[in-house]
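Visitor: structure for this input, please:
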Amino acid sequence: MTAVIVGASSGLGRALASELASRGGDLLIVASDPRDLEAIAADLSLRHGINVRGVAMDVGIEANPSARILTALEGMSPITGLLLPIGVSREDDDGTLDARGIGQLLAINLHAPLAIVHGLLAQLLQTRGVVVLFGSIASIRGRGRNIVYASAKRGLISLYESLRQRYRPDELRVQFYQLGFLATNLTYGMRLPMRALDPASVAKTVARRIGGRSAFRHVPRRWRSLSIVLRALPWTVYRHIRN
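Guide: Sure, this is the predicted structure:
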């Protein structure tokens, strides 16, 4: 069986590729840098004796990213899992972005996941597979920073809900991880309200649960309580919080 990981060259995506490879099964990994992909694919194939293919693609400019993935899947074992740990944010996403910057953020954080899920859906339904989506605590409630990024991530929640409403659990499983801060190059040097999560630890959690039921989970779990509190605050109170 084959798992597709989009955004597999760094951070959580790379950790997921390593973790799933160690558990067996073939991989199709997608990222923008062909050199990184070649190195990762060769390493995982050699260490774990599995079939690993790479697709070098910038999902931020690809109109139909699923087409190239489908072509790369030809001849591989049936796809049973689609994992989408892709995302990018910008420091100037505070209401001052121009149309080009907005389009780039939406393309990577929302358009690409939507297009890839739709393109691979028929194959996933044949195997009763799983779609794994990754959100962000930035989308808990609207705020004055990460405006476009958070809007896109909240759109993924709607995608999660729509897939679960449209398909029965025995047709398609959908898992969503609302992530806190990860220890990646995007958070390096930042002053964070709590310790950043190790991507390898998150990857182990995702891999352990990937064969289970559909679910919406917060990682770390304590963010669930904070989310409930933030959403429950009256607007007159919440609007004065600087987050």
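
Visitor: buried sites along stretch 225-242?
Guide: For stretch 225-242, the neighbour count (16 or more other CB atoms under 10 Å) marks 227, 230 as buried. Every residue, glycine included, has its C-beta placed from N, CA and C.

Visitor: tell me how far that stretch is from the chain's mean position?
Guide: Computed by CA atoms, centre = their mean, to the nearest Å, the chain-centroid distance of stretch 225-242 equals 26 Å.

Visitor: go on, stretch 82-94?
Guide: With CA atoms, centre = their mean as the basis, stretch 82-94 stands 9 Å off its chain's centre.

Visitor: what about dumping the CA coordinates of that stretch to CSV?
Guide: Extracted as CSV, the C-alpha positions of stretch 82-94 are listed here (Å, rounded to 0.1, in the frame of the first residue of the first chain):
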residue,chain,number,x,y,z
LEU,A,82,-3.0,11.1,1.8
LEU,A,83,-1.2,13.3,4.3
LEU,A,84,-1.0,17.1,3.7
PRO,A,85,1.4,18.7,6.2
ILE,A,86,1.9,21.7,3.9
GLY,A,87,1.7,25.3,5.0
VAL,A,88,3.5,28.6,4.9
SER,A,89,3.1,31.9,6.7
ARG,A,90,4.5,35.4,6.4
GLU,A,91,5.4,38.0,8.9
ASP,A,92,3.7,40.8,6.9
ASP,A,93,0.3,38.9,6.8
ASP,A,94,-1.2,41.7,8.9
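
Visitor: next SSE after the helix ranked longest in the chain?
Guide: In the chain, taking DSSP state H as the definition, the longest helix is helix 147-166. Under the assignment DSSP states H and E, the closest C-terminal helix or strand after helix 147-166 is strand 173-179.

Visitor: now that following strand, how far from the centre of its chain.
Guide: 9 Å.

Visitor: ok, residues contacting the helix or strand just after that strand?
Guide: Note on strand 173-179: by DSSP H and E, the next helix or strand toward the C-terminus is helix 199-209. Outside helix 199-209, the residues that touch it by CB atoms under 8 Å, 6 or more residues apart in numbering are 11-12, 14-16, 18-20, 23, 83, 132, 175, 177, 179, 182-184, 215, 217, 219.

Visitor: can you get me a residue count around the residue nearest to residue 173 when sequence neighbours are not counted?
Guide: Distances taken as CB to CB, 6 or more residues apart in numbering put residue 130 closest to residue 173, at 4.3 Å, once the chain neighbours are dropped. Neighbour count for residue 130, taken as other CB atoms under 10 Å: 21.
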